[in-house]
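In: Sharing a model that was predicted from the sequence below.
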Amino acid sequence: MDPVAATFRIRNGARRLPMRAVAVFLAACIACTSAAARLGAEERLVFTADTVAINAASTRAPLHATFPFRNDGSAAVAITAVESSCDCASAAPPEEPCAPGQTGSLDVVFAPRGLGGEHAVLLSVHLASGRVIPLHLRVTLPPGTVLDQTILVWALGEAPTTRTVAVQCHGVVTGARSSDPSFTVAVRPVEAGARYLVDITPRSTATRLLATISVQVQAEGDVSLFAAVGGALAK
């Protein structure tokens, strides 16, 4: 009998395999089993809820949402990155891995500046194992800044009269400016922090003009409209 071979019986009969091959095979099985066990442990990070809803009364300050989690596995779990479907929301991964049996939370910051209405954000939480956990943030905001007109047009040669845009907002209008000095702009408060009028006047209508009028609303950001004399915006 060959001293470096062993006999293994299978359904088809007896077959001789070198002991070295047997050792390699057993080592591979053990490695696969260990890797599977480690992967299973790493994937046991459980979020208490995968959806958090916020109803905000104001858009003046950043909003915060918390997604609690716990580690139900037998090995530490690390969150390596958090991706957001909107640049209005962000979250930093915890600095330390979550140990077995430990709890923690993912803190999300939502910046409502210049926004209004309902927003849905998808957060993709990446684990060191390669697993990605989807979370959902739903935010309801009061209506953002609303303009009753977004395009003002004067015909060529028309009298350069003043036209007025009404602004409804949830902040103080701190000013307005034109991208072209050929238009003058002035702001009149109607109800401080809520309603304003913006007066826009072309200095002349003898030539074609086009300008962007930016209205600055504190805590909500700028909103814009267009003013033109003649040109493509004329109806």
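Out: Cool, got the structure.

In: mind showing which ranges of the chain have poor pLDDT?
Out: The model of the chain has pLDDT under 70 over residues 1-43, 114, 219, 232-235.

In: what residues are up against the residue most central in space within it?
Out: Centroid-nearest residue in the chain: Cys86, 2.3 Å away (criterion: CA atoms, centre = their mean). Listed by CB atoms under 8 Å, 6 or more residues apart in numbering, the contact partners of Cys86 are 119, 121. To be clear about C-beta, it is placed using only N, CA and C from the backbone, and glycine gets the same treatment.

In: Need the phi and psi values for it.
Out: Phi and psi for Cys86, reported as degrees, to the nearest 10, are phi -140, psi 140.

In: quick one: it and His170, what's the gap?
Out: Counting by CB to CB, to the nearest Å, the separation of Cys86 from His170 is 20 Å.

In: and what of Thr207?
Out: Note on Thr207: its distance to His170, by CB to CB, is 38 Å.

In: who's more crowded, these two?
Out: Using other CB atoms under 10 Å as the criterion, Thr207 and His170 rank with His170 on top: 21 against 11.

In: Do I have it right that that one meets Gly193?
Out: Yes. Assessed by CB atoms under 8 Å, His170 is found in contact with Gly193 at 7.4 Å.

In: Can you tell me, leaving aside adjacent residues, what's nearest to Asn55?
Out: Thr140 (4.8 Å; CB to CB, 6 or more residues apart in numbering).

In: count of residues packed around that neighbour?
Out: Close neighbours of Thr140, defined as other CB under 10 Å, add up to 12.

In: That one bridge partners, please.
Out: Beta bridges link Thr140 to Asn55, Glu118 when assigned by DSSP bridges.

In: quick one, what contacts it?
Out: Residues counted as contacts of Thr140 (CB under 8 Å, 6+ apart) are 53-56, 117-119.

In: now the residues you listed: which count as buried?
Out: The neighbour-count test (16 or more other CB atoms under 10 Å) applied to the contacts of Thr140 identifies 54, 56, 119 as buried.

In: from those residues, which single one is nearest Pro68?
Out: Ile54 (15.4 Å; CB to CB).

In: Quick check: the closest one vs Ala120, distance?
Out: 11 Å.

In: what's the overlap in contacts for the two?
Out: 137-139.

In: Looking at the residues you listed, which one is closest to Leu106?
Out: Closest to Leu106, out of all of the shared contacts of Ile54 and Ala120 and judged by CB to CB, is Leu137, at 10.5 Å.

In: could you pull out the helices for the chain?
Out: Secondary structure of the chain by DSSP state H: the helices cover 19-42.

In: before we move on, the earlier item: need the contacts of Thr140 in a markdown table with distance to Gly221, can you?
Out: Supplementary listing: the contacts of Thr140 in a markdown table, determined by distance: CB to CB, whole Å:
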| residue | distance to Gly221 |
| --- | --- |
| Ala53 | 24 |
| Ile54 | 19 |
| Asn55 | 21 |
| Ala56 | 15 |
| Gly117 | 15 |
| Glu118 | 18 |
| His119 | 15 |
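
In: of the residues you listed, closest to Pro181?
Out: Using CB to CB, these come closest to Pro181 at Gly117, 34.6 Å.
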